[in-house]
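Asks: Below are the sequence and a predicted model; questions follow.
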Amino acid sequence: MPTIDLVCWDFGDTLVDEMFMRIAPQGVPGWPAAYEAASLAKPGYVDDWMLGRATMNDLIPELAARLPLTPFAIASHLRAVWREVAWFDDAQGAIAMVGQVGVAQAIVTVNPHEFHGIAASCGLDRVLPLIVTSAHLATESKPAMADHVRALSGLAPGLATTLLIDNRHDNVTARSKRAGWPCSMSAGRVALGPGRATRPNGLAKQLCD
């Protein structure tokens, strides 16, 4: 197996609980259901949002039609929950361990342009300042995002020495096909060694043989 020179981390449900946008304002228990309904109200909205063709502000009128809140209150809450992102146990420790062995790292995530505000609010940009989103590249392809990270980092092209840590098997498989060597998925605690990195504390992880 080649020596890893880049670890690309997914964000939602890999490092953090991705349900934070469904945290309800005090006294508004219907928020989660309204958020789901509003997200699905316009065909293709979620894809457009994730690919940079729409913004979070497009969601506000749909939420206002379903909740006893003003558009201003909704917009304020949507941004306030960015500070309530819950990191999984040992996630930041795993990132620190990879950094200690001198391997470059980045976030590659299917998220809208607003994700950079989320990163600043929850402290992600202080832990991993290099962040590539699907909205920025107009693609949900994790291999494409990893390619972009390598170019930004001045690393040689190709994914043979890139490890993607992601909770979705299809993303892992896509990286493996591009890289030419497989990764399996499992669960357990962090274990790092030469050319090896695994997911933190009971989450789906990649064990690279």
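Replies: That came in fine, so what should we check first? Numbers count the residues shown, from 1 in each chain.
Asks: Please count neighbours and contacts with C-alpha atoms only from this point.
Replies: OK.
Asks: Looking at Gly193 now. What's its pLDDT?
Replies: If you check Gly193, the pLDDT there is 33.
Asks: helix/strand/coil for Gly27?
Replies: In the three-state summary, Gly27 is assigned as coil, counting by DSSP: H, G, I helix; E, B strand; the rest coil.
Asks: any idea how far Asp89 is from it?
Replies: Separation of Gly27 from Asp89 (Cα to Cα, to the nearest Å) stands at 29 Å.
Asks: Ok, His169 next?
Replies: Plainly put, His169 is 21 Å away from Asp89 if you go by Cα to Cα.
Asks: Could you check which of Gly27 and Asp89 is surrounded by more residues?
Replies: Asp89 (15 against 7; other Cα atoms under 10 Å).
Asks: element containing the more buried one, please.
Replies: Of the helices and strands defined by DSSP states H and E, none includes Asp89.
Asks: got it, and the one 5 residues further on?
Replies: With secondary structure defined by DSSP H and E, Ala94 is part of helix 91-100.
Asks: One more: Ala24?
Replies: With DSSP H and E as criterion, Ala24 is part of no helix or strand.
Asks: That one: how many residues sit nearby?
Replies: Ala24, neighbours per other Cα under 10 Å, totals 17.
Asks: where do the helices sit along the chain?
Replies: Ranges of helices in the chain, per DSSP state H, are 31-40, 45-50, 60-64, 71-80, 91-100, 115-122, 124-127, 134-137, 142-153, 169-179.
Asks: which residues touch Leu59?
Replies: Each residue near Leu59 by Cα atoms under 8 Å, 6 or more residues apart in numbering is listed here: Ala38, Ser39.
Asks: switch to numbering from 29
Replies: Shifting the count to begin at 29 puts that one at Leu87.
Asks: any idea how far Gln133 is from it?
Replies: Counting by Cα to Cα, the gap from Leu87 to Gln133 is 32 Å.
Asks: Ok, Ala163 next?
Replies: 20 Å.
Asks: Same question for Lys170.
Replies: 14 Å.
Asks: Just name the shakiest helix or strand of this structure by mean pLDDT.
Replies: Using mean pLDDT, DSSP states H and E, strand 212-216 stands out as the lowest-scoring helix or strand of the chain, at a mean of 31.
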